[in-house]
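>>> got a structure for you, letters missing:
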């Protein structure tokens, strides 16, 4: 009986686990050196204690509440900043006059280091939710605006020629040609903005210091010198950040699948 050879693309693909090598080696070394007592230091907490903190320690269990608050806060700030960035990027990308008038100011503001806005925002909005949400929105605004504007400016010339030849109305030209042509760039901007908004969420909570959230949780754990809570907080942040990156990448591939057809 002859074997049937499937085409390369039709063969089932096993998940690529090579990216787990470094984390597994790191955790293994941590377990072997610290948990066994070979290395002792106040800053080095046994891995088993760190991983059990969110489940058996009353203080550690608060990380789930803090994470939920941060995710909600980050989502609101991301939606506000990304919506404004995409809208303004479309307006400036379609209008040379608006670009000449407004774009230089936005590009100048973009040069200001993001965390340099915190003193100004806390002076204007206080240390409550307002300053944090504005800071997160700023984190998401610049990547979405810049990529949306760039995407519309770099729409292939052939698209514009089709619109001229077919005498397509302006509104239909924008919806049927310009926006689909700029979609990959817009999605890249949203992908970057999602990650910068998450970083901005943690940074705002940590720097402003008031209220709740995983950034404030880390700051409080540091003040109490609870290194097990600090380390589990860092691990949770790494996992959530990687999950957001993976989800946004998959969404990007799904949305631009039509490009490869």
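Arrived safely. Please read all numbers here as calculations on a predicted model, not as lab measurements. Residues are numbered from 1 along each chain as shown.

>>> where are the low-confidence patches of this structure?
Within the chain, the segments meeting pLDDT under 70 span 1-17, 209-210, 256-261.

>>> give me every residue that touches the spatially most central residue of it.
Residue closest to the average C-alpha location in the chain (C-alpha atoms, centre = their mean): residue 195, at 1.2 Å. Residue 195 makes contacts with 241, 244-245, 248, as judged by C-beta atoms under 8 Å, 6 or more residues apart in numbering. To be clear about C-beta, it is placed using only N, CA and C from the backbone, and glycine gets the same treatment.

>>> touching stretch 25-45 from outside, list them.
46-48, 225, 227-228, 231.

>>> any idea which of the residues you listed is closest to residue 67?
Checking those against residue 67 by C-beta to C-beta gives residue 231 as the nearest, at 15.0 Å.

>>> mind checking how far the closest one is from residue 150?
Residue 231 sits at a distance of 40 Å from residue 150 (criterion: C-beta to C-beta, to the nearest Å).

>>> those two: who's more crowded?
residue 231 (21 against 16; other C-beta atoms under 10 Å).

>>> please name the nearest non-neighbouring residue to that one.
Nearest in space to residue 231, with sequence neighbours left out and distances taken as C-beta to C-beta, 6 or more residues apart in numbering, is residue 50 at 4.8 Å.

>>> now name the helix or strand holding that neighbour.
helix 47-56 (DSSP states H and E).

>>> could you point out the longest helix in the chain?
helix 58-94 (DSSP state H).

>>> for that helix, list every residue counted as buried.
For helix 58-94, the neighbour count (16 or more other C-beta atoms under 10 Å) marks 60, 62-63, 66-67, 69-71, 73-74, 76-78, 80-82, 84-86, 88-90, 92-94 as buried.

>>> between it and helix 47-56, how many degrees?
Helix 58-94 runs at 90 degrees relative to helix 47-56, counting by axes from the mean of the first three to the mean of the last three C-alpha atoms, to 10 degrees.
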